[in-house]
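**Student:** sharing a model that was predicted from the sequence below.
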Amino acid sequence: MGEIKIATFNVNSVRSRIPVLEKWIQSSRVNVLCLQETKTVDETFPAGFFESLGYNVVYRGEKAYNGVAIASNYPIEDVHFGFEDGEEPLAETRLIRATIKGINVVNTYIPQGKSIDHEDYQYKLRFFKRMGMLFDRNFRKEDHLIWVGDMNVAPTDIDVTSPERKRDHVCFHKDLKVLFEEVKGWGFIDIFRKHRPGEGEFSFWDYRVKNALERNIGWRIDHILATSSLGSLSIDCYVDRDPRSWEKPSDHTPVVSIFKE
């Protein structure tokens, strides 16, 4: 029986991260790579780079802001951007979904929120609620469904350094965490935590914190969630810290999941 490797990676500008991506893709041999914060309009997205490495790629982005993409060395079918729910904003550069080898892949770049009293935080909460409605409209709990991306939420105390100092942070506030668990409760399991229940595992280390990676001052805000039917096929899930230490890295690093086909 074969395996399929699915990863999520907030690249913080896809064109700036080409050297990191090339090195990592060649070493990881990931089959499906979901990218966030690509920060480029579609006309300048480096599709040729991914195609040269044997990937099909679909994407939607904005200049210097947002942007999502899926690269796959299998055919990408039934591609949709945004919520398609008639509600503004459409979030077409924050949400992309497609079907790959019978797996429904949903890739999100959920707003950070800026501050608890900022309108962007309300947009963030609404984004999660709209995700729940999207799953209700388009999927069944029995489907092979994977939801990945930079979700800008650290679900529990072990998902962030010094949690007691971050209770009012837009990625750690109790209201956000309750809402995240509600949406996750639609039918998802945390694939990373299925395999790695321990402390000190993060996917984001802030550029602004001196030696954050070396001191392991981080957040686990990039997630891979799957329905039980797909989760039962999961072999492993891990954070690959290495790319965060390379020259000109993203402030995030890839999270990788492996499933039996």
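**Tutor:** Perfect, thanks for sending it.

**Student:** which one's the longest helix in this protein?
**Tutor:** For the chain, the longest helix by residue count, based on DSSP state H, is helix 119-138.

**Student:** report the contact partners of the closest residue to F135 other than its chain neighbours.
**Tutor:** In space, and not counting its chain neighbours, F135 is closest to W186: 5.0 Å by CB to CB, 6 or more residues apart in numbering. Every residue, glycine included, has its C-beta placed from N, CA and C. Applying CB atoms under 8 Å, 6 or more residues apart in numbering to W186 gives the contacts 132, 135-136, 141.

**Student:** next helix or strand past the longest helix of the chain?
**Tutor:** Where DSSP states H and E defines the elements, the next helix or strand beyond helix 119-138 is strand 145-150.

**Student:** show me what the residue nearest the centre of the chain is bridged to.
**Tutor:** The centroid of the chain falls nearest to G149 when counting by CA atoms, centre = their mean (1.1 Å). Judged by DSSP bridges, the bridge partners of G149 are T108, H223.

**Student:** surely it is in contact with Y109?
**Tutor:** Yes - proximity of G149 to Y109 meets the contact threshold set by CB atoms under 8 Å, at 5.8 Å.

**Student:** hang on, the earlier thing: kindly supply the PyMOL command isolating those of the contacts of W186 that are buried.
**Tutor:** Command for PyMOL, covering only those of the contacts of W186 found buried under the criterion 16 or more other CB atoms under 10 Å:
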select buried, resi 135
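
**Student:** count of neighbours near the closest residue to S250 other than its chain neighbours?
**Tutor:** Leaving aside its chain neighbours, S250 sits nearest to N12 (4.2 Å; criterion: CB to CB, 6+ apart). As a burial measure, N12 scores 18 neighbours (other CB atoms under 10 Å).

**Student:** where's N12, which helix or strand?
**Tutor:** Per DSSP H and E, there is no helix or strand for N12.

**Student:** and it, what is it in contact with?
**Tutor:** N12 is in contact with 37, 39, 250-252, counting by CB under 8 Å, 6+ apart.

**Student:** between those residues, which sits nearest F128?
**Tutor:** E37 (18.1 Å; CB to CB).

**Student:** the closest one and K5, how far apart?
**Tutor:** 21 Å (CB to CB, to the nearest Å).

**Student:** so which of the two has more stuff around it?
**Tutor:** E37 (24 against 17).

**Student:** just the buried residues of stretch 138-151, please?
**Tutor:** Residues 139, 143-151 are the ones in stretch 138-151 that count as buried (16+ other CB under 10 Å).

**Student:** which residues do G149 and Y109 both contact?
**Tutor:** Counting by CB under 8 Å, 6+ apart, the residues touching both G149 and Y109 are 10, 36, 68.

**Student:** select only the buried ones of the residues you listed in PyMOL?
**Tutor:** To isolate the buried ones among the shared contacts of G149 and Y109 in PyMOL, judged by 16+ other CB under 10 Å, type:
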select buried, resi 10+36+68
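
**Student:** closest one of the shared contacts of G149 and Y109 to D236?
**Tutor:** For the shared contacts of G149 and Y109, the minimum distance to D236 (CB to CB) is 20.8 Å, reached by N10.
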